[in-house]
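[1] Give me the fold of what follows.
(one chain, ligands or ions: 1)
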Amino acid sequence: MVKERSLPRGCVLCYQGAKMVLFITGRCPRSCWYCPLSRERKDKDIIYANERRIQAPEEAAEVARLMSAMGTGITGGEPLIALGRVVSYSTHLKEEFGESHHIHLYTGLAPGKEVFLDLKGVVDEIRMHPPPDLWQEIGRTEYVESARIARGMGFSVGIEVPSLPGIGSLDAMLPFLDFLNVNELEWGESNAVAMRERNMVLEDGVHNAVSGARDWARSLLCHPKVHWCSSRFKDSVQLRKRLLRVARNTARAFDQITRDGTILYGVLESKGSISPFFNQLEPNMYEVREGTVETAWWVITEFSDQLEGVKTIVERYPDRGLVVEVTPVI
Ligand code: SF4
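    You can find the predicted model right below:
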């Protein structure tokens, strides 16, 4: 059960799938063993808005518009390595969508007043990720002072970390925070070796959750400032709702939107000119792309015998995103 009333604003919007994820750089001075970044992103100075690679604030605004975003979460890498970029993108998003476009920023650092002065007015919420080797002594680290300064300047301030053994020590930070978010530790392609070295195992064969993660955080979970974000919730609610928002804004007349927020359509690849068959359809029921025809999946299956060429059904994320499955039609 999600305690929506007490959730930070950034989480409420995330719950609705209404937050765009702005990956501002893959560079990071740390090397956390559990880092979930893929090889394509880690240590690369590249920018993504959701799953789209971008290069300018205007492109970020375009992606936000496609999903009717009500806010943005800025992540990385270490976003504050690219402070100027964080400020210019946040400023542009606030100018485009207004003050109410809520922006939260992740950082592994404990920024001082100078940095917060740059962020003031363009970022609303700070989510700090102190390194696990400091957790036991967290009350004596610079994160306390950083949180105090930021809250004094009007930011909402929290800690957001994966659930690891020893996380219970972070209770010492609770008096200085507005919230503490605990993400269920997730197994991924980039951290699988490190997980095995630590004798960690998957909880089941379906999700990426690591067995024991909830137990490590158990002593914290009854505190009203602490929120547990499960791996299952991220996949089945957060991502799904975000994809659905994009799909509703971008699907063509013939795309079928699935319950998961992906889209389904049929593809015909044929040599030579476009089949005259398509002249019988309404113009918005097919699209020619680089010599192939995209149309409703059922057109490809029902009229297969009238269509010469390679026929497939494609399932992918909306807005020409990740291809999930390609099924041949014989
Ligand atoms: S701080 Fe974040 S991005 Fe950097 S290494 Fe750790 S988990 Fe990865």
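
[2] Please count neighbours and contacts with C-alpha atoms only from this point.
    OK.

[3] what number of residues lie near E290?
    7 (other CA atoms under 10 Å).

[4] Return the distance of it relative to R52.
    21 Å (CA to CA, to the nearest Å).

[5] continuing past the worst-scoring helix or strand of the chain on mean pLDDT, what's the next helix or strand?
    Every helix and strand of the chain was ranked by mean pLDDT, DSSP states H and E. The lowest is helix 231-233, at a mean of 83. Note on helix 231-233: by DSSP states H and E, the next helix or strand toward the C-terminus is helix 240-250.

[6] so how far is that following helix off the chain centroid?
    Relative to the centre of its chain, helix 240-250 is centred 13 Å away, using CA atoms, centre = their mean, to the nearest Å.

[7] Provide the contact partners of the helix or strand that that helix is followed by at residue level.
    Remark: after helix 240-250, the chain's next helix or strand is strand 256-257, criterion DSSP H and E. By CA atoms under 8 Å, 6 or more residues apart in numbering, the residues outside strand 256-257 that reach it are L244, A247, R248, A251, I263, L264, Y265, A296.

[8] With stretch 144-160 instead?
    110-113, 116, 120, 123-130, 138, 173, 176-183.

[9] mind listing the strands in the stretch 51-200 of the chain by residue range?
    52-54, 71-76, 102-107, 125-128, 156-162, 179-183 (DSSP state E, counting those that start in this stretch).

[10] need those in TSV with mean pLDDT, can you?
    Listed next are the strands of the stretch 51-200 of the chain as TSV, based on pLDDT from 0 to 100:
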stretch	mean pLDDT
strand 52-54	95
strand 71-76	97
strand 102-107	98
strand 125-128	98
strand 156-162	97
strand 179-183	95
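
[11] Mind checking the pLDDT average for stretch 323-330?
    The average pLDDT within stretch 323-330 is 94.

[12] Now do A147 against S100, distance only.
    Relative to S100, and taking CA to CA, A147 is found at 23 Å.

[13] Name the residue in those two with the higher neighbour count.
    Set A147 next to S100 and count neighbours by other CA under 10 Å: A147 wins out with 26 against 10.

[14] Would you mind measuring from that one to I159?
    Taking CA to CA, one finds A147 at 9 Å from I159.

[15] before we move on, what about G17?
    21 Å.

[16] where do the helices sit along this structure?
    9-15, 57-66, 83-97, 113-119, 142-152, 192-197, 213-217, 231-233, 240-250, 297-302 (DSSP state H).

[17] Save those as a markdown table, and put in distance to the ligand too.
    As requested, these are exported to a markdown table (distance: least, CA to the nearest ligand atom, whole Å):
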| stretch | distance to the ligand |
| --- | --- |
| helix 9-15 | 18 |
| helix 57-66 | 20 |
| helix 83-97 | 15 |
| helix 113-119 | 18 |
| helix 142-152 | 14 |
| helix 192-197 | 13 |
| helix 213-217 | 16 |
| helix 231-233 | 16 |
| helix 240-250 | 22 |
| helix 297-302 | 40 |
